[in-house]
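In: Compute the structure for the input listed below.
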Amino acid sequence: MLVLGIDPGSRTTGFGLIDVRGNKLSYIDCGCIRTGNGELPARLKQIFTGICSVIEQHEPQQVAIEEVFMGRNAASALKLGQARGAAMSACLSHELPVDEYSARQVKQAVVGAGAAEKGQVQHMVKALLSISDNIAEDAADALAVAICHANTHASLLRMAGAKSFSRKRLR
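Out: Numbers count the residues shown, from 1 in each chain. Predicted coordinates for the structure are as follows:
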C-alpha cells in the first residue's frame, strides 16, 4: 500500500510517500510545494496542481493529512485551512480516501511523545525510513503523517481481526 502524507502550508506544503508492506515501511519520495509570495488564490492553485502531480506520478492508494493547528493568529489558521482544503480537494478529485491526524497524534506515533520538537520528528523519520540524506522539515513532517497513518491503519486492522477480547475492568 502506497501512502501519501501531506503537511499543508500556505507557503510550503510538504509531501511524503511511503510503501507499507505488513509492518515494514519503505521510503519512496518526499518534497515541498513552494508557492512563493503571490496572492492566496494563486498559491492555493499551486498546492492543488502540485498535489495532483504527485498523485499522478506515484498513484498512492491512501492519503493522510495533518489537521489545522490553531495558534495565536486566527488569520494564519484560516490560510492554513484553505491550503489544507486545496490539498484535500486534489486528493478527492482523484477519488482517494483522506484521513486526518492532529500534530500531537503524529508526534506520538513517530517519536513517542506528543510534545516532541520538529528536530526530533525529523530525526526519527530518517531513522525509521533509513534515509541518510537531509530532508526539508516540511517533507519530514509529511513523511511523519504517512508513518502515523500506516501505524494507525495497521493497529485498526489488528483490532478488527481479533478473535476475542476481554470485558474485564482495568484497575
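In: the bottom helix or strand of the chain by mean pLDDT?
Out: helix 137-160 (a mean of 82; mean pLDDT, DSSP states H and E).
In: so what does the strand or helix carrying residue 104 touch, helix or strand wise?
Out: Assessed by DSSP states H and E, residue 104 sits inside helix 103-110. With contacts defined as 3 or more CB pairs under 8 Å, 6 or more residues apart in numbering; DSSP states H and E, the packing partners of helix 103-110 are helix 118-128, helix 137-160. Just so you know, the C-beta spots here come from the backbone N, C-alpha and C atoms, and that holds for glycine as well.
In: Pick the most deeply packed of the ones you listed.
Out: The highest average neighbour count among the helices and strands packed on helix 103-110, using mean count of other CB atoms under 10 Å, belongs to helix 137-160 at a mean of 21.
In: and it, what does it pack onto?
Out: By 3+ CB pairs under 8 Å, 6+ apart, helix 137-160 packs against strand 2-7, strand 12-21, strand 24-34, strand 62-66, strand 98-101, helix 103-110, helix 118-128.
In: Report the angle between that helix and strand 24-34.
Out: Inter-element angle recorded for helix 137-160 and strand 24-34: 140 degrees (by axes from the mean of the first three to the mean of the last three CA atoms, to 10 degrees).
In: Sketch out the low-pLDDT regions of this structure for me.
Out: Applying pLDDT under 70 to the chain flags the ranges 70-71, 154-171.
In: same thing but at 90, please
Out: For the chain, the stretches flagged by pLDDT under 90 are 22-23, 36-38, 68-77, 111-119, 152-171.
In: isn't residue 5 right next to residue 13, touching?
Out: No. If you go by CB atoms under 8 Å, residue 5 and residue 13 don't touch, sitting 11.1 Å apart.
In: show me the residues around the nearest residue to residue 104 once chain neighbours are set aside that make contact.
Out: Spatial nearest neighbour of residue 104, excluding adjacent residues (CB to CB, 6 or more residues apart in numbering): residue 114 at 4.0 Å. Contacts here follow CB atoms under 8 Å, 6 or more residues apart in numbering; on that basis residue 114 touches 104-105, 107-108.
In: Can you tell me which of those lies closest to residue 141?
Out: Closest approach to residue 141 among those (CB to CB): residue 107, at 9.6 Å.
In: how many neighbours does the closest one have?
Out: Neighbour count for residue 107, taken as other CB atoms under 10 Å: 23.
In: part of a strand, is residue 69?
Out: No. Membership of residue 69 in a strand is not supported by DSSP: H, G, I helix; E, B strand; the rest coil, which gives coil.
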